[in-house]
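Novice: could you work out the structure for the sequence below:
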Amino acid sequence: MQAPGHILGLRLPPHLSSPRRQPCPVVRAAQAAPRRETDPRRRVVITGMGLVSVFGSEVGAFYDRLLAGESGVGPIDRFDASSFPTRFAAQIRGFTSEGYIDGKNDRRLDDILRYCIVSGRKALENAGLGKGSDAHAKLDKVRAGVLVGAGLGGPTVFFDSVQNLIEKGHRKISPFFVPYTITNMGSALLAMDVGFMGPNYSISAACATSNHCFYAAANHIRHGEADIIVAGGTEASIIPIGLGGFVACKALSERNDDPTTASRPWDKERGGFVMGEGAGVLVMESLEHAMKRDAPIIAEYLGGAVNCDAYHMTDPRSDGLGCVNYINAHATSTLAGDLAEIRAIKQVFSNTSEIKINSTKSMIGHCLGAAGALEAIATVQAITTGWVHPTINQFNPEPEVEFDTVANERKQHEVNVAISNSFGFGGHNSVVVFAPFNP
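Specialist: Modelled structure (predicted):
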């Protein structure tokens, strides 16, 4: 079996398939989707959503701008990027944590932590569990957890501390260097802020991080270890070392003359992904617990799958082996990755005529560890609104992509079951499955 070309544009030798390899998670998730839980203690529902994104920090406004087909990509102005071959990203501007983080901590915290706390607090408010509310006060905090991951940890404090070490010596390293760079600190600070004492840790699985967190959170609930878990991902890597690292990998688009069209999944002229940032959080809760507190139920988490290619450090396998009619694809706008995902999906679904597939990354870039969380929110919004957002910048589509990619214009679509894919460097694969809630 011939492997796809390197996701970063490098040539690889042919790969011989191993008989021991695990089934593609797309297969496992799709097969599991019809077998819905019936026990209310094991059914997992979504009762709240919160985010920080290039389109702001309100879920409704975020999805409205996705439906409108807006691009959040533009020139980087956070630092001087003029010497880089890529000088644009989906950079967050005008973010404020007012009302969620006090001024002293706001000045100290790395953006990755600020995004996590604000999105988590907003998700709890959306779930009727805002800090200081009666419902929050009555919650059994020992059975409430936080599981928010990150792909790269706190890069800004890391970068600044290394600069200080080189230029001024070790005495100028920030005392917050270690706690702010470890990937679990977002989960830890959010749990401290809201007083949750249940399962609390972070998963780091590159760009599949958020989906792994959702999967683990649901398992804690289904195993009776928690009633409610705040889960998702956060990332803030648009800094010189972050940009430079992906430039060195030859992973990024260099369409500096027209950055809004740079992220173009499944288009023949795609040339790499666009960096993004932000955070997304879901409040995941057992149906039994949600009903007892009369919670707003937005959608249902049906299940998911996670596994590893055991194949290549950055290259995806292309050979992964009814009721799903919407797929929010990983689709990063890379030469190999986009088609590898399509080939796997084709092997799962014999009839693709009713399936809509789109890429949120075409508008908000690739948010790395937070990508799956923001895309999960977009997926749930498609379920609740009956509209799927477009994949923008579809000018010259790959003939192999035979799906309806919702090219350039949103479409009305009643979603039966939706899957959201996330795949990360290291061969980390993850799929999560959502559906409308039916009592």
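Novice: show me where the stretch 51-200 of the chain has its helices.
Specialist: 59-67, 103-108, 111-126, 134-138, 155-168, 177-181, 185-194 (DSSP state H, counting those that start in this stretch).
Novice: most tightly packed of these?
Specialist: For the helices of the stretch 51-200 of the chain, average neighbour numbers computed from mean count of other C-beta atoms under 10 Å are highest in helix 111-126, which has a mean of 27. (Glycine included, C-beta is placed from N, CA and C.)
Novice: from the chain's centroid, how far away is that one?
Specialist: Between the centre of helix 111-126 and the centre of its host chain there is 14 Å, according to C-alpha atoms, centre = their mean, to the nearest Å.
Novice: same question for that helix, mean pLDDT?
Specialist: Taken as a whole, helix 111-126 has a mean pLDDT of 98.
Novice: got it, and stretch 192-205?
Specialist: 96.
Novice: what about the strands in the stretch 151-300 of the chain?
Specialist: Taking DSSP state E, counting those that start in this stretch as the criterion, the stretch 151-300 of the chain contains strands spanning 228-235, 278-286, 299-308.
Novice: put the alpha carbons of stretch 430-437 into PDB.
Specialist: Extracted C-alpha coordinates of stretch 430-437, given in PDB (Å, rounded to 0.1, in the frame of the first residue of the first chain):
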ATOM      1  CA  SER A 430     -10.200  10.900  17.300                       C
ATOM      2  CA  VAL A 431     -13.800  11.000  16.300                       C
ATOM      3  CA  VAL A 432     -16.700  12.200  18.400                       C
ATOM      4  CA  VAL A 433     -20.400  11.700  17.600                       C
ATOM      5  CA  PHE A 434     -23.300  14.100  18.400                       C
ATOM      6  CA  ALA A 435     -27.000  14.000  17.800                       C
ATOM      7  CA  PRO A 436     -30.200  15.900  18.600                       C
ATOM      8  CA  PHE A 437     -31.400  15.100  22.100                       C
END
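Novice: possible to save the helices of the stretch 51-200 of the chain as a markdown table with distance to residue 328?
Specialist: Supplementary listing: the helices of the stretch 51-200 of the chain in a markdown table, determined by distance: least, C-beta to C-beta, whole Å:
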| stretch | distance to residue 328 |
| --- | --- |
| helix 59-67 | 11 |
| helix 103-108 | 32 |
| helix 111-126 | 18 |
| helix 134-138 | 30 |
| helix 155-168 | 26 |
| helix 177-181 | 30 |
| helix 185-194 | 23 |
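Novice: and these: which comes nearest residue 283?
Specialist: Among the helices of the stretch 51-200 of the chain, helix 111-126 comes nearest to residue 283, with 5.1 Å by C-beta to C-beta.
Novice: can you name every helix or strand that that closest one contacts?
Specialist: strand 44-52, strand 144-149, helix 155-168, helix 185-194, strand 228-235, strand 278-286 (3 or more C-beta pairs under 8 Å, 6 or more residues apart in numbering; DSSP states H and E).
Novice: if we can go back for a sec, nearest to residue 323, out of the strands of the stretch 151-300 of the chain?
Specialist: strand 299-308 (9.8 Å).
Novice: buried ones in the closest one?
Specialist: Buried positions in strand 299-308, judged by neighbour count with 16 or more other C-beta atoms under 10 Å: 299-307.
Novice: please consider this matter closed, and thank you.
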